[in-house]
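**Student:** Here's a sequence, model it:
(chains A, B, C and D)
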There are 2 protein chains.
Amino acid sequence: MPAIVDPNDYTPKYYQLATILRERISSGELLPHQPIPSERQLEDIYSVSRTTIRQAIDLLVRQGFLYREHGRGTFVSPQKLQKGISELTSFSEDMRARGVEPGQKILELKMTVPPEEVRQRLELPADHGELLYIERLRLGDGVPMGLMTSYHVLPEGLTLDREGLEAAGSIYTLLQEKFHLIPTEADETLEAVLATPREAALLQIAAGSPLLLSVRVTYSQYRRAMEYVKIVYRADRYQYFAKLTR
Amino acid sequence: MPAIVDPNDYTPKYYQLATILRERISSGELLPHQPIPSERQLEDIYSVSRTTIRQAIDLLVRQGFLYREHGRGTFVSPQKLQKGISELTSFSEDMRARGVEPGQKILELKMTVPPEEVRQRLELPADHGELLYIERLRLGDGVPMGLMTSYHVLPEGLTLDREGLEAAGSIYTLLQEKFHLIPTEADETLEAVLATPREAALLQIAAGSPLLLSVRVTYSQYRRAMEYVKIVYRADRYQYFAKLTR
DNA sequence: CGATAATACTGGTAACAACCACATGATGTC
DNA sequence: GACATCATGTGGTTGTTACCAGTATTATCG
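**Tutor:** From the prediction side, this is the model:
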């Protein structure tokens, strides 16, 4: 069992160790508020240095699985129903994590010059050209969950139509495989609004119903803005969750 | 200037170094997307080991001031107008960070047995006794921003009335100084709702106006739930901000 | 000239050693 | 018995060394 060494280890040791510990936690072997073996003990158990041990524990602490107490030990965090949120996820990933099957209905897809506010949020020069604009109804288990409007910054010269997008699967896959652009960070604001008649009709609710409005700007690994996404969620079907830390 | 050594250093070196680098960034000396000196160079500049350098940079990366690129260097993140959110803050801190002067008007304060839902969210046994209940109107620059309802878990035997609370300043200060209980983590959900007539009256808006509903459970450093807070914010005055990462 | 290989940087991982700061229980003293 | 002291175990900080893994530039070869 202490076999941590993956001979042709592609993944670093601290990561392997973190995985092992995470499994010992979620399997119920290590219980909430119970101490895990001390760092010195783990050195012997898994035959790795304390450096590596601490790196693995650091990771699990950041992920919310463990917490440390100076002078006392390292303990298992109580399991939360929903954990590790405040993570950057797509609508589809978000829905699947909630046990709901995601779906969509594309209402419009075109290249267009963005409104001034969007251009500024994307930190683009005033003379920047057209962006990919998509408007779609987002579904969860077949029912409307929200209305999504997005503007995507495409690499120089590239344009996309509905066929091109469907061929590529998703915009993210395309940008990642062809241009090595990976979404890594995002700023999101949330507020409450009332449904306009059009929104109400599309979302199959009464006009004047409450909606949760999310506006997000996503950044690539180079910290360049790559998309502006606005979603209004049906308040009766969607709730936002965040984990806050000091 | 390379004087990083604080002779009677109370704070660790990596923390001092992080502070220095953070200031070099916010002062504009180090510009967005520009590389900072390499880790080997920083070793010479500040006469500390690479271990310490990396620990300082790790901190700044987590705080969003820097980003790394393997094989290329470490770079300054573009400054965001509002940064470092998704942090656990009190209403007062939140308001001050937005440049608004916080205020409050206590509507009710008593010891009471909590509703079942609150008791469960706080992970308290079924026979748990009374909690401190507070209902207050939260103000920003004197105008109503939201209505806050909270239940606080007090240490065995302790009760609080309005006088005791005012004497202590804030519940947090009291719990921290007397019982070493520090809020360190919280789970928060957000959704959109419509104002009830009572809420509308208190917040001085029309009934049926949209409100942003936040429900938060705060945990101590021992990962024990210590309070349940529900706030409804005026949608026209309040916007929630979050920074998401992969 | 163009493609390839070598090289010299960057950050990433890992081991080992030493000491500090905090918590706790055992021990001793008054 | 109450209290201070100490020993020991815990995580926290720091330094040193070595090598791995990407990136970019330079030198070299065909």
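
**Student:** how many other residues sit next to the residue in chain A positioned nearest to DNA strand C?
**Tutor:** For chain A, the nearest residue to DNA strand C under the criterion C-beta to the nearest atom of the strand is A:G71, separated by 2.5 Å. C-beta coordinates here come from the backbone N, C-alpha and C atoms, glycine included. A total of 5 residues lie near A:G71 under the criterion other C-beta atoms under 10 Å in any protein chain shown.

**Student:** A:I36 now?
**Tutor:** Quick note: A:I36 (other C-beta under 10 Å) scores 19 neighbours.

**Student:** ok, now A:Q16?
**Tutor:** Applying other C-beta under 10 Å, we find 20 residues neighbouring A:Q16.

**Student:** So it: helix, strand or coil?
**Tutor:** helix (DSSP: H, G, I helix; E, B strand; the rest coil).

**Student:** ok so the residue of chain A closest to DNA strand C is a helix residue?
**Tutor:** No. In this structure, A:G71 is coil, not part of a helix, as judged by three-state DSSP.

**Student:** distance of it from A:S38?
**Tutor:** Separation of A:G71 from A:S38 (C-beta to C-beta, to the nearest Å) stands at 11 Å.

**Student:** now do A:T196
**Tutor:** 59 Å.

**Student:** and these two? which has more neighbours close in?
**Tutor:** A:T196 (14 against 11).

**Student:** Does the more buried one touch A:G208 like I think?
**Tutor:** No. A:T196 is beyond contact range of A:G208, at 9.2 Å (criterion: C-beta atoms under 8 Å).

**Student:** Wait, A:E130 touches A:Y151, no?
**Tutor:** No. Assessed by C-beta under 8 Å, A:E130 is found out of contact with A:Y151, at 9.8 Å.

**Student:** So which of the two has more stuff around it?
**Tutor:** A side-by-side neighbour count of A:E130 and A:Y151, using other C-beta under 10 Å, places A:Y151 first with 24 against 13.

**Student:** Helix, strand or coil: sort out that one for me.
**Tutor:** Local secondary structure at A:Y151 is given as strand here, using three-state DSSP.

**Student:** Surely it and A:Y133 touch.
**Tutor:** Yes. Counting by C-beta under 8 Å, A:Y151 touches A:Y133, with 5.6 Å between them.

**Student:** tell me, what's touching these two both at once?
**Tutor:** By C-beta atoms under 8 Å, 6 or more residues apart in numbering or on different chains, A:Y151 and A:Y133 have these common neighbours: A:P114.

**Student:** Chain A against DNA strand C: which residues are in contact?
**Tutor:** A:9, A:12-15, A:48-52, A:55, A:69-72 (C-beta under 7 Å from any atom of the strand).

**Student:** if you average pLDDT over stretch A:19-26, what comes out?
**Tutor:** The average pLDDT within stretch A:19-26 is 94.

**Student:** That stretch and DNA strand D in contact?
**Tutor:** No. Against DNA strand D, stretch A:19-26 shows no contacts by C-beta under 7 Å from any atom of the strand, the least distance being 11.9 Å.

**Student:** what ranges of chain A fall below the confidence cut-off?
**Tutor:** Within chain A, the stretches with pLDDT under 70 are A:1-9, A:79-87, A:157, A:243-246.

**Student:** Tell me the strands beside the helix or strand where A:E185 lies, with direction?
**Tutor:** For A:E185, the enclosing helix or strand under DSSP states H and E is strand A:183-194. If you go by DSSP bridges, strand A:183-194 pairs up with strand A:210-220 (antiparallel), strand B:240-245 (antiparallel).
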